[in-house]
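Asker: Fold the stuff below for me.
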Amino acid sequence: MNNKMTNKIRLANRMSHIAPFEVMEIQSQARQLEAAGHDVIHMEIGEPDFPTPGPIIDAARRALELNPMNYTSACGMWSLREKIAGFYAAKYGVAVDPRRIIVTAGSSAALMLAFGVLLNHGDEVLMADPGYPCNRHFVRAMDGVPLTIPVGADSDYQLTGHHVDSNWSAHSVATLVASPSNPTGTTVGRAEMQLILDATTQRGGTLIVDEIYQGLTYDVGASTALALDGAENIFVINSFSKYFQMTGWRLGWMVVPEAYLRHVETLAQNLFISPSAPAQFAAHAAFDNDTLAILEARREELHRRRDFLMPALTGLGFKIPVVPQGAFYLYADSSAIADDSFLLSRRILQKAHVAITPGRDFGNNHPERHIRIAYTQPIDRLQQAVDRLHKMIRSAS
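Answerer: Presented below is the predicted three-dimensional model:
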């Protein structure tokens, strides 16, 4: 009898809910076009186009020469946790005990740790749709259920206290809010964030606030949910990637309620051992005055780019009903140009050599009508992108 091996694999059920990251597919196709000799303008990836500030790189070089690169504490270097606490005090006027600050292998690791200590099988986490796709996948990875709530321009594409009131169920255990948000760039004001916190905690739930784009705000001051009444019960997630422009260093942090500290540390020990030592040494310089001056100048440049690109896109027929006050994205309604944003983004890449992200990455709330455009290019390149889009749209009409 001839026994033949089959290619069948045993796949975990959770994988049926975890979709490919569309923006990475777009980037791969864009790289192929570049390899073929085409000039592609990248407006798809959520990554600043600025290099990591010089003082941070210099700090890394010095550390590599002078210090052994051993495992650190699973919670991160104490000196870096103190630096982060000092930053909260100096910039936001908020006192945070360094013990409550856990340094992580990027904000993704921080979210995994938060969901890991909070979720049992079938527990729900309320979150906005549209939203960053990995957030719902993190919940699924921990056997939870992401309860995605459609939001629109009437609430600045953000959850409100009313959304929490009307969608909370017997299975709900947490609310996740991102301010500023990916993909919309919108923020949640302090009064509304307080209502969200109150609506969540009154039901015995926990609020998790994603502040990954904190510091990258325009027309409004930077803020933190740690200034709210009852903030000692919030998980706050942050990152060195966006404002501090350290994406490839893979370093973030989280502020953890006192009652969960030991549990988060235990999980971090087992899942990650410790954050990158070289990245932690480098990040000490992120809060120096010289670095902050560089970062603020770059924030102003992003502000100028937003103010250039918004009217340029609306002039082409895209609709942007809410002015984004943070991050570096425009979430545009493309339905006046094409019925399917997925096909539109592919056509824009192939015909205009401009890479953008279709709405399907960000949820089920009319994704076919929306695209996300990152203004992570200099203004002259943004102008080139607009010119290419104008030519392509005009030729198709």
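Asker: can I assume Ser107 is in contact with Asn238?
Answerer: Yes: the pair formed by Ser107 and Asn238 meets the contact definition of C-beta atoms under 8 Å, at 6.6 Å. Every residue, glycine included, has its C-beta placed from N, CA and C.
Asker: how far does the worst-scoring helix or strand of the chain on mean pLDDT sit from the chain's center?
Answerer: Within the chain, no helix or strand scores below helix 22-35, which has a mean of 90 by mean pLDDT, DSSP states H and E. Between the mean C-alpha location of helix 22-35 and the chain-wide mean there is a distance of 20 Å, by C-alpha atoms, centre = their mean, to the nearest Å.
Asker: So which residues make contact with it?
Answerer: By C-beta atoms under 8 Å, 6 or more residues apart in numbering, the residues outside helix 22-35 that reach it are 40, 42, 44-46, 133, 345-346, 349-350, 353, 355-358, 360-361.
Asker: Now list the buried members of the residues you listed.
Answerer: Neighbour-count burial within these applies to 40, 42, 44-46, 133, 345, 349, 353, 355-358, 360-361; the criterion is 16 or more other C-beta atoms under 10 Å.
Asker: which pair in those residues spans the largest distance?
Answerer: Pro133 and His353 (24.9 Å; C-beta to C-beta).
Asker: so where's the stretch 251-397 of the chain shaky on pLDDT?
Answerer: Screening the stretch 251-397 of the chain residue by residue with the criterion pLDDT under 70, one finds the ranges 397.
Asker: And the strands in it?
Answerer: With DSSP state E, counting those that start in this stretch as the criterion, the stretch 251-397 of the chain has strands at 252-255, 329-333, 354-355, 357-358, 370-374.
Asker: Which of the ones you listed sits closest to Thr291?
Answerer: Minimum separation from Thr291 across the strands of the stretch 251-397 of the chain (C-beta to C-beta) falls at strand 252-255, 16.4 Å.
Asker: Can you name every helix or strand that the closest one contacts?
Answerer: Contacting strand 252-255 under the criterion 3 or more C-beta pairs under 8 Å, 6 or more residues apart in numbering; DSSP states H and E are the following elements: strand 101-104, helix 106-118, strand 235-239.
Asker: Deepest-packed of those, please.
Answerer: The highest average neighbour count among the helices and strands packed on strand 252-255, using mean count of other C-beta atoms under 10 Å, belongs to strand 101-104 at a mean of 27.
Asker: Counting by contacts, list what that strand packs against.
Answerer: Under the contact criterion of 3+ C-beta pairs under 8 Å, 6+ apart, the helices and strands touching strand 101-104 comprise helix 78-87, helix 106-118, strand 252-255, helix 261-271.
Asker: any idea of the angle the longest one forms with strand 235-239?
Answerer: When you say that, I think you mean helix 106-118. Regarding helix 106-118 and strand 235-239, their directions subtend 160 degrees when assessed with axes from the mean of the first three to the mean of the last three C-alpha atoms, to 10 degrees.
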